[in-house]
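Provided below for reference: sequence and predicted model.
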Amino acid sequence: MEYDVRFGVSSGRASRYERLGAFAVLDYYPDWTERQASMLSFDSAPFERAMEMTGHAVVSLRISTSERDGSVFVYLAEVDADGRARYVTEGGLRMLHRRLSPAPDSYKATWPWRTFHRADARLMQPGVAEELRFALVPVSWQFAQGSRLRLSIAGADGDHFAQVPHGRPPRFEIVAGGADGSFLDLPLKPGTQSYFSG
């Protein structure tokens with residue numbers, strides 16, 4: 001799957017970042033259905049029953065880029081039977097920092113860990129697919145029966161992060177399917193009801 005990054009793509013000005021900055025955001029991600037239209041998205045089959053996701057979802061992307069660096073933003077959404085998408089969680093990683101390391105003994109983690117030290121930074125080789133594995137922000141969410149899970153990928157969040165790389169937007173190629181394909185590890189279990197019932 002190929003995706004041409006557009007640096008103007010954004011999660012909007014009614015996001016978790018504004019809430020962290022103490023802005024009075026009353027309608028959280030109100031236009032998420034429209035915002036995802038400019039991202040590369042994959043939908044699951046409809047859930048046969050209500051499902052609960054609690055904890056860190058972990059994405060493993062097998063991805064190449066046309067440039068030497070880039071940023072990857074991954075979003076999860078619930079898409080209801082009417083096609084409306086509701087933001088669930090997100091995560092991001094700069095490709096330069098893809099190298100994983102063991103977590104120190106003082107830091108207990110069941111998700112991918114990295115030092116972000118300069119010595120561990122590595123530029124990408126254009127056109128060569130490598131694995132980017134990272135956790136999304138932990139969340140507890142109930143998916144309604146009949147809803148779908150949508151995974152969306154972007155190469156920018158223009159309202160919150162500087163563009164990477166500077167200059168020409170990269171083209172991503174994501175490996176999907178097969179033993180070496182990308183995948184999503186979800187902390188899912190059957191739920192009793194949808195959070196958005198009624």
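Sure thing, it's come through. A quick note: this is a predicted structure, and the numbers were derived from the prediction, not measured. Residues are numbered from 1 along each chain as shown.

going forward, measure contacts and count neighbours with C-alpha atoms only.
Will do.

For the protein, which residues score under the pLDDT cut-off?
192-198 (pLDDT under 70).

how many other residues sit next to Thr89?
For Thr89, the count of nearby residues is 20 (other Cα atoms under 10 Å).

which residue packs closest to the residue nearest the centre of the chain, ignoring adjacent ones?
A centroid search over the chain (Cα atoms, centre = their mean) returns Val74, at 1.5 Å, as the residue closest to the centre. Distance criterion Cα to Cα, 6 or more residues apart in numbering; nearest residue to Val74, sequence neighbours excluded, is Ile153 at 4.7 Å.

For the one you found, give the beta-bridge partners.
As for beta bridges, Ile153 partners with Leu40, Val74 under DSSP bridges.

I'd assumed Met39 was in contact with it.
Yes: Ile153 is within contact range of Met39, at 5.6 Å (criterion: Cα atoms under 8 Å).

Which strand residues bridge Val59?
Bridge pairing for Val59 - DSSP bridges - gives Phe134, Leu184.

Also Tyr87?
With DSSP bridges as the rule, Tyr87 is bridged to Ala77.

mind listing what it touches?
29, 32, 75-78 (Cα atoms under 8 Å, 6 or more residues apart in numbering).

could you redo those residues as JSON lines and give each row distance to Thr110 and neighbour count?
Converted to JSON lines, the contacts of Tyr87 look like this (distance: Cα to Cα, whole Å; neighbours: other Cα atoms under 10 Å):
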{"residue": "Tyr29", "distance to Thr110": "29", "neighbour count": "19"}
{"residue": "Trp32", "distance to Thr110": "29", "neighbour count": "17"}
{"residue": "Tyr75", "distance to Thr110": "20", "neighbour count": "21"}
{"residue": "Leu76", "distance to Thr110": "20", "neighbour count": "22"}
{"residue": "Ala77", "distance to Thr110": "23", "neighbour count": "23"}
{"residue": "Glu78", "distance to Thr110": "25", "neighbour count": "24"}
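
out of these, who's nearest Arg171?
Tyr75 (18.6 Å; Cα to Cα).

Next one: the closest one from Asp105, what distance?
Between Tyr75 and Asp105 the distance, using Cα to Cα, to the nearest Å, works out to 30 Å.

likewise Arg62?
29 Å.

Could you check which of those two is surrounded by more residues?
Arg62 (19 against 7).

didn't the more buried one look like it was pressed against Leu184?
No: using Cα under 8 Å, Arg62 is not in contact with Leu184; the gap is 11.3 Å.

What ranges does this structure have for its helices?
16-20, 32-35 (DSSP state H).

Make a markdown table out of those helices and add distance to Arg6.
Output for the helices of the chain, formatted as a markdown table (distance: least, Cα to Cα, whole Å):
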| stretch | distance to Arg6 |
| --- | --- |
| helix 16-20 | 20 |
| helix 32-35 | 12 |
